[in-house]
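**Q** 3D model of this:
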Amino acid sequence: MEKKTIQNVPPAIREAYSRANRTRDLETQIELLKEALKEEPAFINAREKLRGLERRKAMTDGFFTKFMAQIGASFKLAKIKALTNRDPLAAMALCEDVLAKSLDNPPVLNALAEAAENAGAMFIAVDALSLIREFHPKNEANAWKLARCMQANNQAREALRIIQEIAARYPNDMNTQSELRAALALASMEKGKWEESGSTQEKTVDAKAAVAQQLIDGTIHDADQAKLLVEKFQEDLKENDSIDIRRKLADAYMIMEDYDAAIAELEKVVKTLGTMDPLLDKSIEEAVIARYNKQIRQIRENPAAGEEAKQQIADIEAQREAYRMQRAQERAQNYPNDAQLNFELAELLFANGKINDAIAYFQVARRSPQRRLACMVYLGRCFAANKQFDMAVEQLEGALAEMDRMDKTKLETLYYLATTLEEAGNTEAAIEKYKEIYQNQANFLDVADRIQQYYNRQKQG
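**A** Sure, this is the predicted structure:
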């Protein structure tokens, strides 16, 4: 099964795709695109747009909605598996019904990958397993499965990147290192085939593809290489006006420091999706922040700027921070149940001295298991800043009770607790915490000086 663009699908499917783009109702958009994929599962434009909308829905769904969707999926999974070998296209259609309700569903995404593989649509299998990796990055079994599918889909270099990440965690495991060597060989063979075959023009295209892969790997920082990418992606857009290509084009413009062009491409993606999801919003924000930073750098590099430069830089920095705050507030308002967005806003508020506002957002973000400990530490610091020392100590001690390793995070939390106890007048308890830090890392911040000052006071007293 080969990918199909909007030019290659029947008129009725094109019309459904067009209607999905025109409507503003999320559920209607998802339903139209889902039905289009049932008819044409290889319709890549519809697949990309649908996944973007389903991600947005997943971010706004509450726990109960997700729970009920999981329950509903469990009843359909047996039927999906029964169809996987006999009628994989029907199984894929049933998977789309379930994923439209909740995209974060590993069993169904796994079933979709298996059905897609049976249908000869490895690119759909890769997409499904990539979604599991996006939602559950620590799922190692899925990472291996995704790498295998990528290799079967002629994406050996992308598969290598995943296997390298796993192998780095198990440097002494012979089987894992053997898998890594095999992946390196396969990626090298794939690269060799590109270099050996084709005309000069084809090799130029392949060179651009190789540079594009470097962009994906995050190893390109050169403006000249990025220009090559811009040419490649602009050519690709003539064949397939894809969201993914426009995202990559925006990344290339970012490397070239053409931030206006990057923002323009990302805004086209927003228009195509019909919505602004948090990841896109963050990408646009990064481009705008980079544009501010470039302006500041240019002023500093201009020797003729004189004394006015300081005020100009201060004004731009103020505009930049106001913009960051505005975007963070808008994201948290649009996605009130997203713990990460609430956490990011709370951090900004804390850094800007808006302690009481920060407390409210840290309390929301604390509901996330991934952010709970960090929020407890921040809440302790907030209460300490408000001179509410008893509550500050309670939060910090609670966080420390759940930290096993004496790593940087635990050292910092101990330090915040010690300074809070000291400011509250409990010097003896504070010095015990400083000693605990000193015994593990003697050069941590100003702990050695604080301990020495304590002993000096003891001698004088």
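**Q** Tell me who's in contact with Tyr253.
**A** 226, 230, 259, 261-262, 265 (C-beta atoms under 8 Å, 6 or more residues apart in numbering). All C-beta atoms are positioned from the backbone trio N, CA, C, and that covers glycine.
**Q** For those, pick the one with the most neighbours.
**A** Among those, the one with the most neighbours (other C-beta atoms under 10 Å) is Ala262, at 25 neighbours.
**Q** Helix or strand for that residue, just tell me which one.
**A** Using DSSP states H and E, Ala262 sits in helix 259-273.
**Q** What are the buried residues along that helix?
**A** 259, 261-263, 265-270, 272-273 (16 or more other C-beta atoms under 10 Å).
**Q** How about stretch 130-138?
**A** 130-133, 135.
**Q** How about stretch 161-170?
**A** For stretch 161-170, the neighbour count (16+ other C-beta under 10 Å) marks 161-163, 166-167 as buried.
**Q** As a check, name the ranges of all strands in the stretch 251-400 of the chain.
**A** Secondary structure of the stretch 251-400 of the chain by DSSP state E, counting those that start in this stretch: no strands are present.
**Q** As a check, name the ranges of all helices in it.
**A** Using DSSP state H, counting those that start in this stretch, the helices of the stretch 251-400 of the chain run over residues 259-273, 278-300, 308-334, 339-351, 355-365, 372-385, 389-401.
**Q** Turn these into TSV, including mean pLDDT and distance to Glu2.
**A** As requested, those are exported to TSV (pLDDT from 0 to 100; distance: least, C-beta to C-beta, whole Å):
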stretch	mean pLDDT	distance to Glu2
helix 259-273	89	22
helix 278-300	87	28
helix 308-334	89	37
helix 339-351	90	37
helix 355-365	94	44
helix 372-385	94	46
helix 389-401	94	53
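**Q** how is the protein carved up into domains?
**A** 1-153, 198-271, 276-337, 339-460 (automatic domain parsing).
**Q** thinking again about what came up before, show me which of the buried residues of stretch 130-138 is closest to Gly398.
**A** Phe135 (28.6 Å; C-beta to C-beta).
**Q** Tell me who's in contact with that closest one.
**A** Contacts for Phe135 (C-beta under 8 Å, 6+ apart) come out as 103-104, 106.
**Q** at 7 Å what do you get?
**A** The contact partners of Phe135, by C-beta atoms under 7 Å, 6 or more residues apart in numbering, come to Asp104.
**Q** Check the spacing between it and Gln460 real quick.
**A** 60 Å (C-beta to C-beta, to the nearest Å).
**Q** neighbouring contacts of stretch 348-360?
**A** Contact with stretch 348-360 is made by 324-325, 328, 346, 361, 378-379, 382, 385-386, as judged by C-beta under 7 Å, 6+ apart.
**Q** who wins for neighbours among these?
**A** Ala346 (29 neighbours).
**Q** picking that back up, Thr409 is nearest to which of the helices of the stretch 251-400 of the chain?
**A** helix 372-385 (7.8 Å).
**Q** Off-centre distance for that closest one?
**A** Centroid separation for helix 372-385 versus its chain: 24 Å, with C-alpha atoms, centre = their mean, to the nearest Å.
**Q** Report the helix or strand with the lowest average pLDDT across this structure.
**A** The least trusted helix or strand in the chain, going by mean pLDDT, DSSP states H and E, turns out to be helix 200-217, with a mean of 47.
**Q** ok, back up a step: would you turn the buried residues of stretch 130-138 into JSON lines with pLDDT, secondary structure and distance to Asn426?
**A** Shown next, in JSON lines, are those (pLDDT from 0 to 100; DSSP: H, G, I helix; E, B strand; the rest coil; distance: C-beta to C-beta, whole Å):
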{"residue": "Ser130", "pLDDT": "90", "secondary structure": "helix", "distance to Asn426": "52"}
{"residue": "Leu131", "pLDDT": "89", "secondary structure": "helix", "distance to Asn426": "51"}
{"residue": "Ile132", "pLDDT": "89", "secondary structure": "helix", "distance to Asn426": "49"}
{"residue": "Arg133", "pLDDT": "88", "secondary structure": "helix", "distance to Asn426": "47"}
{"residue": "Phe135", "pLDDT": "82", "secondary structure": "helix", "distance to Asn426": "44"}
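**Q** tell me the angle of the helix or strand encompassing Lys248 relative to helix 278-300?
**A** Per DSSP H and E: Lys248 is located in helix 243-256. Angle between the axes of helix 243-256 and helix 278-300 is 20 degrees (criterion: axes from the mean of the first three to the mean of the last three C-alpha atoms, to 10 degrees).
**Q** what is the rounded mean pLDDT of helix 243-256?
**A** The pLDDT scores in helix 243-256 average 86.
**Q** What is the three-state secondary structure of Thr176?
**A** Of the three states, Thr176 takes helix under DSSP: H, G, I helix; E, B strand; the rest coil.
**Q** swap that for Asn154, sorry
**A** coil.
**Q** Please state the backbone phi and psi of Ala168?
**A** Note on Ala168: its backbone torsions stand at phi -60, psi -30 [degrees, to the nearest 10].
**Q** so Lys433 touches Ala418, yeah?
**A** Yes - Lys433 is within contact range of Ala418, at 3.6 Å (criterion: C-beta atoms under 7 Å).
**Q** sorry, back to before: go through the helices of the stretch 251-400 of the chain and name the closest to Lys408.
**A** So among these, helix 372-385 is nearest, using C-beta to C-beta, at 12.1 Å.
**Q** that older thread, now the helices of the stretch 251-400 of the chain as a markdown table including distance to Lys76?
**A** Below are these laid out as a markdown table (distance: least, C-beta to C-beta, whole Å):
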| stretch | distance to Lys76 |
| --- | --- |
| helix 259-273 | 27 |
| helix 278-300 | 29 |
| helix 308-334 | 31 |
| helix 339-351 | 29 |
| helix 355-365 | 33 |
| helix 372-385 | 33 |
| helix 389-401 | 41 |
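**Q** State the pLDDT value of Thr275.
**A** Looking at Thr275, the pLDDT reads 72.
**Q** Please apply the same query to Ile220.
**A** So, for Ile220, pLDDT stands at 51.
**Q** Let's check: the centremost residue of this structure is which one?
**A** Residue closest to the average C-alpha location in the chain (C-alpha atoms, centre = their mean): Leu279, at 7.0 Å.
**Q** dump the residue contacts of that one.
**A** Contacts for Leu279 were tallied using C-beta under 7 Å, 6+ apart; there are none.
**Q** give me that answer again for 8 Å
**A** Leu279 sits next to Arg55 when contact means C-beta under 8 Å, 6+ apart.
**Q** can you check Leu83 too?
**A** The neighbours of Leu83, taking C-beta under 8 Å, 6+ apart as the test, are 90-91, 94, 115.
**Q** As CSV, these with neighbour count and pLDDT would be great.
**A** Putting the contacts of Leu83 into CSV (neighbours: other C-beta atoms under 10 Å; pLDDT from 0 to 100) gives the following:
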residue, neighbour count, pLDDT
Ala90, 16, 89
Ala91, 23, 89
Leu94, 23, 89
Ala115, 28, 91
